[in-house]
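Student: Quick one, fold the following:
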Amino acid sequence: MELTHEQQQAIEHQKSRCIFCQIVDGKMSTNKVYEDDLLIGILDINPATKGHVLLMPKEHYPIAPLIPAETFKHLFSKLQEIDGCVKEALLCKETTIVVANGMAAGQQSTHFMLHIIPRDSGDSLGMLDVEGKETPASDLKEVKEKVGPILKGMLQRNLHALGYISHDGVGGQQQVGPLTKDQVLKIIDANPQIKEAILSKPKEFKKLVPNHPQLAQIFKEVDINQIIADVTKKHKTKESGKIDLEGALK
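Tutor: Just a heads-up that it's a prediction; the model follows:
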């Protein structure tokens, strides 16, 4: 991702005040549990549970989109290994992996990191539970009205073009095979009403899908949460073109 001069200056300013950068540089003591050329893993000084590990790049990256691809891939590769070590050392079967990417998502430090939190039944970590909220009927109706009118026409044509629906030569239609993630994203790109519904009211759209025959068919073999995340990310990247780091993370 290309950064402006102002954004680079903002990152350098953050880095000069970052506690975790000081830990990486050896200026502050810590309980280190892992280290290589790119990453460092330390025990959280205010752990959610015993053995709570913070895994992060050594270089200062405020948010995930700024992390180079190879470093990002390495980070999640080592996450798997360290998660296994934590489970073995603490004799726990499960962990909660927390990724807070940005202030609105609960990120408290300007240094991007992953949290590996050992879990046991009855540990009372209510702060990690996200309570569902009842969707007003008016919101569901709004999403349905945006999506519904185009499903019988444009959506059917797109399904046919992708090979998901074929004609049997006698005027009927038959299903060819399940849609892939890329095919679903292409359908969404080709249907602005669906995209708008996902971007404006993602939770309501997700609840609508199982109850809508065409949408249920389209999303049958894909992870709807990942689709919504990909559509949202692509839209934000296209609209902004750059990230206001000072505004988002100061």
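
Student: biggest helix in the chain, by residue count?
Tutor: Longest helix in the chain, counting residues (DSSP state H): helix 69-90.

Student: got the buried residues for that helix?
Tutor: 72, 74-75, 78-79, 82-83, 86-87 (16 or more other CB atoms under 10 Å). C-betas here are computed from N, CA, C, even on glycine.

Student: I'd like to know which helix or strand in this protein has the lowest mean pLDDT.
Tutor: Ranking every helix and strand in the chain by mean pLDDT, DSSP states H and E puts helix 245-249 at the bottom, with a mean of 41.

Student: if I read this right, Leu215 contacts Ile198, doesn't it?
Tutor: No: Leu215 is not in contact with Ile198 according to CB atoms under 8 Å; the separation is 10.9 Å.

Student: what stretches of the protein score poorly on pLDDT?
Tutor: By pLDDT under 70, the weakly predicted segments of the chain are 1-2, 126-133, 140, 143, 146-177, 238-250.

Student: which residues in it form strands?
Tutor: Here the chain has its strands, by DSSP state E, at 32-35, 39-43, 53-57, 94-98, 114-119, 165-167, 173-175.

Student: Note down every partner strand of the second one and its orientation.
Tutor: Using DSSP bridges, the strands paired with strand 39-43 in its sheet are strand 32-35 (antiparallel), strand 53-57 (antiparallel).

Student: Need the contact partners of the first one.
Tutor: In this structure, residues lying in contact with strand 32-35 by CB atoms under 8 Å, 6 or more residues apart in numbering are 40-43, 53, 55, 78, 82.

Student: one step back: quick one: contacts of the longest helix of the chain?
Tutor: Residues outside helix 69-90 that contact it (CB under 8 Å, 6+ apart) are 33-34, 36, 38-39, 41, 50-51, 53, 55-57, 59, 61, 64, 67, 92-95, 97, 114, 116, 118.
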